[in-house]
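> take this sequence and fold it.
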Amino acid sequence: RRQCLSTLGQAAAALTAGPLLVGGAGAQRPPNVVLILSDDQGSTDLGCYGATNLHTPNLDGLAGDGLRFTQFYVNAPACMPSRSALMTGRHFVRSLSSDGMSGDEVTIAEMLKGAGYRTGCFGKWHLGHPESMEPLAQGFDEFLGFKVGAMDNYSHFFYYGGPNRHVLRRNLEPYREDGVYFPDIVAREAERFIDDNQASPFFLYLPLNQPHYPLQPEARFLDRYQGVADVARRYQMASLTSMDERIGRVLRRLDDRGLRQDTIVLFLSDHGHSREERTFGGGGRSTPFTGHKGTLREGGIRVPCLLSAPGRVPSSQVRDQAVTSLDLLPTIAHMTGAALPSRELDGASLAGVLASAGAPSPHGQLHWVYDKSWAVLEGNWKILGDVSDDSLALYNLAQDPAERHNVASSNKEIATYLIGRHNEWIRSIKKEASSKAFVSP
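Residues are numbered from 1 along each chain as shown. All right, here's what the predicted structure looks like:
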């Protein structure tokens, strides 16, 4: 087993493929796609996921208009690798170089642009600085936002390492709008992009920077939660409500322009909540799960995900199957009729899952690797390993979703089997993993 674990560099996920619902009744053109990504949001930190006294009416309404996933996973518990996997449908070890997402990768934007879509990205890119990794080189017609991991929402400066510097960009050029709250800039640009592209199908990617630090919700939202004694929780809740309001602006613009029936809207978080010092040590919620950003426990990789597509998927329904952010590129391809990239994907179309709550997951297993940790999920069984001390933990998630009771010693055959599956996966990915390693949490 030690030999198996020492081979583990960093990587993970599974692959499969399947069909999907394309178009809807009377569809005249491919549907628009709006993909909204939150930043450092807790696994269950939405009203529709059971968060207590949290005001998120727009996202809760989106859940009512479509599907809510209860076992949706991201590919990594950190921003850059998670985003790379989301954009490409390929495990981050395939798609991420040491500088960012490889310029050779085919993104959702490139796939849809090839199908005649207009494409726009407004928010936090965080997939590399070289010109080949810029949004405009990765399939987007327009970009306004920043490429680093965090930014002050008013000065638009990066203060978190190295020299303080202004980082807001429009396309390739520096852009100044000093003092304007960045979430308002993103919402405004999204509204304008929708208005400018009503006559053609469009892909709008909104990688938001909330509730990531710096936690800067407006006073009106902090006042709403003035009764919350825990400062970290109060700021987290206010940031989430602030984010929800901006998402509401985008959804209303779709409604006002008569585009909602022709638009697929997807929402998810890039990974679990942060417990970093800049977030007051926490404040996000993942109940009943444990873990957080930077860990492969459920609270680090299991995230909220909503999908609304009127006339294409059912409304007000829940899906409990284990699925992953890797599945979104092939799912979008099937729903829009776009051609899949001609390369090996690790995600699968969620056709059956979207159509039926009783459909099986398209994945026999899911694999993760991050820093010194690794994990495999098959059915209800999840194994967690750590190369630094050769430790193993086995959990039955159906009985123990909080991952508190290690049952490896009483289920040795299952543990051995999952170690074997991990070994096989490492061997299959080893060539790419050794050349595209990402080890920093």
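> quick check: residue 242 vs residue 208, distance?
Going from residue 242 to residue 208 by C-beta to C-beta, to the nearest Å gives 10 Å. Any C-beta I mention is one placed from the backbone N, CA and C, and that applies to glycine too.
> which residues do the two both contact?
residue 183 (C-beta atoms under 8 Å, 6 or more residues apart in numbering).
> without its sequence neighbours, what residue ends up closest to residue 138?
Leaving aside its chain neighbours, residue 138 sits nearest to residue 107 (4.9 Å; criterion: C-beta to C-beta, 6 or more residues apart in numbering).
> what residues sit buried inside stretch 239-255?
For stretch 239-255, the buried set under the neighbour-count rule, 16 or more other C-beta atoms under 10 Å, comprises 239-251, 253-254.
> state the helix or strand in which residue 93 lies.
Secondary structure assigned from DSSP states H and E places residue 93 in helix 92-95.
> contact partners for the residue positioned nearest the centre of the chain?
By C-alpha atoms, centre = their mean, the chain has its centre lying nearest to residue 270, at 3.3 Å. For residue 270, the contact set (C-beta under 8 Å, 6+ apart) comprises 37-41, 74, 79, 82-83, 86, 207, 303.
> quick check: it vs residue 373, distance?
To residue 373, residue 270 is 18 Å away according to C-beta to C-beta.
> over to residue 56?
Going from residue 56 to residue 373 by C-beta to C-beta gives 31 Å.
> which residues touch stretch 304-312?
Stretch 304-312 is contacted by residues 21, 23-25, 27, 31, 38, 41, 43-46, 48-49, 59, 62-63, 65-69, 72, 260-261, 263-269, 313, 315, 325, 335, 354 when judged by C-beta under 8 Å, 6+ apart.
> now do the end-to-end distance for it.
21 Å (C-alpha to C-alpha, to the nearest Å).
> which residues sit in contact with residue 215?
Counting by C-beta under 8 Å, 6+ apart, residue 215 touches 235-236, 238-239, 278-280, 283.
> can you rerun that using 10 Å?
40, 153, 222, 231-232, 234-236, 238-239, 242, 274, 278-280, 283 (C-beta atoms under 10 Å, 6 or more residues apart in numbering).
> what about the longest helix in this protein?
The single longest helix within the chain, with elements called by DSSP state H, is helix 231-256.
> which SSE is immediately downstream of that helix?
Using DSSP H and E, the helix or strand that follows helix 231-256 in sequence is strand 263-269.
> what angle do that next one and helix 231-256 make?
On the basis of axes from the mean of the first three to the mean of the last three C-alpha atoms, to 10 degrees, strand 263-269 is oriented at 170 degrees to helix 231-256.
> which elements pack onto the next helix-or-strand element following strand 263-269?
Using DSSP H and E, the helix or strand that follows strand 263-269 towards the C-terminus is helix 298-301. Judged by 3 or more C-beta pairs under 10 Å, 6 or more residues apart in numbering; DSSP states H and E, helix 298-301 is in contact with strand 72-73, strand 366-370, strand 373-378.
> what packs against the longest one?
Contact partners of strand 373-378 among helices and strands, from 3+ C-beta pairs under 10 Å, 6+ apart: helix 298-301, strand 366-370, strand 381-386, strand 391-396, helix 412-435.
> try 7 Å
Under the contact definition 3 or more C-beta pairs under 7 Å, 6 or more residues apart in numbering; DSSP states H and E, strand 373-378 sits against strand 366-370, strand 381-386, helix 412-435.
> from the chain's centre, how far out does that strand sit?
18 Å (C-alpha atoms, centre = their mean, to the nearest Å).
> sheet-wise, list the partners of it with their directions.
If you go by DSSP bridges, strand 373-378 pairs up with strand 366-370 (antiparallel), strand 381-386 (antiparallel).
> just name the most buried of those.
A comparison of these by mean neighbour count, using mean count of other C-beta atoms under 10 Å, puts strand 366-370 on top with a mean of 28.
> give me the angle between that strand and helix 412-435.
Using the same axes, to 10 degrees: strand 366-370 against helix 412-435 is 60 degrees.
> what's the mean pLDDT across strand 366-370?
The average pLDDT for strand 366-370 rounds to 96.
> quick check, residue 135 in contact with residue 121.
Yes - counting by C-beta atoms under 7 Å, residue 135 does reach residue 121; the two are 4.7 Å apart.
> joint contacts of the two?
Shared contacts of residue 135 and residue 121, defined by C-beta atoms under 7 Å, 6 or more residues apart in numbering, comprise residue 143.
> show me where pLDDT drops low in the protein?
The chain contains residues with pLDDT under 70 at 1-27, 433-441.
> mind doing that once more with 90?
Scanning the chain with the threshold set as pLDDT under 90 gives 1-29, 94, 96-99, 102-103, 129-132, 161-162, 281, 387-391, 426-427, 429-441.
> show me it divided up by domain.
Domain assignment for the chain by automatic domain parsing gives 17-355, 366-435.
> which parts of the stretch 1-150 of the chain are strands?
Ranges of strands within the stretch 1-150 of the chain are 32-38, 67-69, 72-73, 118-124, 142-146, based on DSSP state E, counting those that start in this stretch.
> so which of these gets nearest residue 197?
strand 118-124 (4.6 Å; C-beta to C-beta).
> just to revisit the earlier point, of all the strands paired with strand 373-378, which one comes closest to residue 197?
Residue 197 lies closest to strand 366-370 among these, at 35.5 Å (C-beta to C-beta).
> alpha carbons of the closest one, as CSV, please.
C-alpha atoms of strand 366-370 as CSV (Å, rounded to 0.1, in the frame of the first residue of the first chain):
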residue,chain,number,x,y,z
LEU,A,366,-15.0,8.9,-8.7
HIS,A,367,-11.3,9.7,-7.9
TRP,A,368,-9.6,12.6,-6.3
VAL,A,369,-6.0,13.6,-5.6
TYR,A,370,-5.0,16.8,-4.0
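> quick one: distance of that strand to the chain centre.
Counting by C-alpha atoms, centre = their mean, strand 366-370 is centred 15 Å from the centre of its parent chain.
> alright, I will stop here.
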